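Visitor: this one's sequence-less:
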């Protein structure tokens, strides 16, 4: 700190400065050398500007009192960007350039002091005389340098005046500020004009401070003209928006007045109908076009009378109107004509589906019976199979072959019976059930309605949807189906219901008893190949907008995708893999549009990475036997391994995440083989001292069921005899404690799984012979079936040598 600054901190210096400031009144061109400083936050104050200023009385009241005691009543105003700097300013945060203003009409109210500030001139802070409030500084008043080119200054001034005129046309708000300027300055004074023009704009505080800091007039006018142009552009946009909004409002007002006038004219001529009359006539017209039962006509008449006496603005009127709207939207007595041409049905099924010959035959048999009767009546079909095998598309094909509308909704996770039977009208926002909504959308009383995922129904305190479906799907009851919302009987006996499920285990018995079950097992590789070629690939190309000649894929590549990446029973994952291949091929096509792309086996690995499924090596050896299992995804092979751990003591250990039923099957197999080992030419004392471990691989996958009984018994017998069982044979069947082999389910899925793994010899329970006879020829072809009624039959096949 300099010696001069140190002395400036002395109170005597401050008093001397105040005495000097309190000299007799001075002219405007005589400016005080020492002035008090006040920070403001809105934007910098410009010379020539007259505007109210508001400051905090607690912080700056003393400063303004001292200013009021001076003859000139002038104070320095400096801009600070943030309110925090205004409350507790630091000399480092204050700019060096500010505006000297004269204070007029100061008044205090609610902790704030407001005064009218008249901008006099720029000033620079030369020295700080007092570094705490009230701030006192020694000011220097810089002069504007002479302009090198007066004509250039004149041109800038005219440009600014023209822009200000443009602003006045766009926004009248600037006219008051212009009047104040003209009262003090003439338009031929460029420097006041520049500062005034800057104060007119809504530029940021930093931009205006930059103008205040600039002394050369030409540079200052350049910056201000740029700010004015921005302001004019914003004002122009505001005007356009305002005019557009006003135009829309005027249009709506004009239409409103015209409509009101039209209503008055129609009323005078007797042509106008109020809302209630219009609603009643509309409902009567709708009902006249239908053929409702007598009970429905009676209900309609009652509700119509109620509607005719209600106030259209009341809540009850809205409830009654909604009810009549739904009641007259149901296609009472409207039935579409069925197409019972079996040749047409076969053509539709063959066109939409490859494979599934046995399923198609079942559908044709179903339609043939309906054709013989003359109509499809009282039928509920349940399609059961793994995901992606075509259950939904088969239901759609049945509707197309009959020429009926098709409506599908999922009941998976449904837990409220009102979704089926509707809400009672006492509830706010009540609606009919999904069945009534389906009839309304289809427009006939005999559509095909698909209830998807019926095995995933839920239930809660709100009711049991499965129980509500009993009435819906029972041919003996659904001719008088009651929807809670409509509160009248509907005839659903001519509706064809098609349900889908992945498993039957979770479907309640009474509901399952009302359905005709058609099982869809997984596809063979050859069937998947045909589906991919004829349906999936073509659909993907069409969806992507790619011509067939631009991208093609070989049969070998599709087969490689099926066997290495999409072994699931259905084709949904196959479609996803093909879609991924197509996307990557499109990228290459975009890079070389003129070069057709042909996807081969080698390209598949590049597009999809390493195969997810590799060719499974058939486990063989002592104690190793291949079983067959059924899952919700289709059939699967299930190897079983038995191993002797030690002979120190007797023991039996099970691993492989087995369920309770499967554990019981293992214990039955262990007990049976232990008791009859001598009958099968084994050492009777083997299990007395052997600790045996039985494992079912893929331990992360839960397994359960009784069908692995003969497989586990064969593995234990192989271990006890120390003889490897016959290779290339798979088996399934439940074993009892007396050695009988009981039937199991999922035969088709299990046979398909064995065929997929290249197994050509299968042992099945004798009671499942009929299931094998029902298998299509292409599934049975090349496979040798052995049927066992007792475990002795299994022994003869596996240990005949």
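Guide: Here it is on my side, so go on. Since we're looking at a predicted model, the values are computed, not measured.
Visitor: shaky segments in the stretch 501-650 of the chain?
Guide: For the stretch 501-650 of the chain, the stretches flagged by pLDDT under 70 are 614-618, 632-634.
Visitor: again with the chain
Guide: Judged against pLDDT under 70, the low-scoring parts of the chain cover residues 1-29, 83-93, 171-187, 266-274, 378, 460-463, 614-618, 632-634, 699-700, 801.
Visitor: in this protein, which helix is the longest?
Guide: helix 217-269 (DSSP state H).
Visitor: just checking, what packs against it?
Guide: helix 150-170, helix 190-200, helix 205-213 (3 or more CB pairs under 8 Å, 6 or more residues apart in numbering; DSSP states H and E). All C-beta atoms are positioned from the backbone trio N, CA, C, and that covers glycine.
Visitor: go through those and pick out the most buried.
Guide: helix 190-200 (a mean of 23; mean count of other CB atoms under 10 Å).
Visitor: tell me what angle that helix forms with helix 150-170.
Guide: Helix 190-200 runs at 30 degrees relative to helix 150-170, counting by axes from the mean of the first three to the mean of the last three CA atoms, to 10 degrees.
Visitor: direction included, what does the helix or strand hosting residue 77 pair up with?
Guide: Per DSSP states H and E: residue 77 is located in strand 74-79. For strand 74-79, the paired strands and their directions (DSSP bridges) are strand 34-40 (parallel), strand 97-109 (antiparallel).
Visitor: quick one, helices of the stretch 601-750 of the chain?
Guide: Using DSSP state H, counting those that start in this stretch, the helices of the stretch 601-750 of the chain run over 601-608, 660-675, 686-689, 709-721, 747-756.
Visitor: help me confirm that residue 381 is found in a strand?
Guide: Yes: applying DSSP: H, G, I helix; E, B strand; the rest coil, one finds residue 381 inside a strand.
Visitor: residue contacts, it?
Guide: Residues in contact with residue 381 (CB atoms under 8 Å, 6 or more residues apart in numbering) are 366, 395, 398, 496-499, 515-516, 518.
Visitor: if we go to 10 Å?
Guide: Contacts for residue 381 (CB atoms under 10 Å, 6 or more residues apart in numbering) come out as 362-363, 366, 394-395, 398, 448, 450, 496-500, 515-518.
Visitor: quick revisit: a markdown table for the helices and strands packed on helix 217-269, including distance to residue 661?
Guide: A markdown table is the format used below for these (distance: least, CB to CB, whole Å):
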| stretch | distance to residue 661 |
| --- | --- |
| helix 150-170 | 85 |
| helix 190-200 | 89 |
| helix 205-213 | 79 |
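Visitor: mind listing what's buried along the strand holding residue 77?
Guide: In terms of neighbour count (16 or more other CB atoms under 10 Å), strand 74-79 has its buried residues at 74-79.
Visitor: what do you get for stretch 651-660?
Guide: 652, 654, 656, 658.
Visitor: how far does that stretch stretch from one end to the other?
Guide: Length of stretch 651-660, first residue to last, CA to CA, to the nearest Å: 19 Å.
Visitor: swap in stretch 383-390?
Guide: The first-to-last residue distance of stretch 383-390 comes to 9 Å (CA to CA).
Visitor: check stretch 60-80 too.
Guide: End-to-end for stretch 60-80, by CA to CA: 15 Å.
Visitor: work out the gap between that stretch and the centre of the chain.
Guide: 63 Å (CA atoms, centre = their mean, to the nearest Å).
Visitor: same question for stretch 494-514.
Guide: 30 Å.
Visitor: just the buried residues of that stretch, please?
Guide: 494-502, 507, 511-512, 514.
Visitor: export the buried residues of strand 74-79 as CSV, with columns for distance to residue 384.
Guide: Output for the buried residues of strand 74-79, formatted as CSV (distance: CB to CB, whole Å):
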residue, distance to residue 384
74, 96
75, 91
76, 91
77, 86
78, 85
79, 80
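Visitor: since we're on residue 537, how many residues are nearby?
Guide: Residue 537: 22 surrounding residues under other CB atoms under 10 Å.
Visitor: contacts only, for residue 772.
Guide: 747-748, 751, 762, 764, 779-780, 783, 785, 787.
Visitor: returning to what we had before: out of the helices of the stretch 601-750 of the chain, which is closest to residue 541?
Guide: helix 601-608 (15.7 Å; CB to CB).
Visitor: now that closest one, how far from the centre of its chain.
Guide: That offset, for helix 601-608, works out to 32 Å (CA atoms, centre = their mean).
Visitor: which residues does that helix contact?
Guide: 553-554, 556-561, 564-566, 577-578, 580-585, 587-588, 597, 599, 611.
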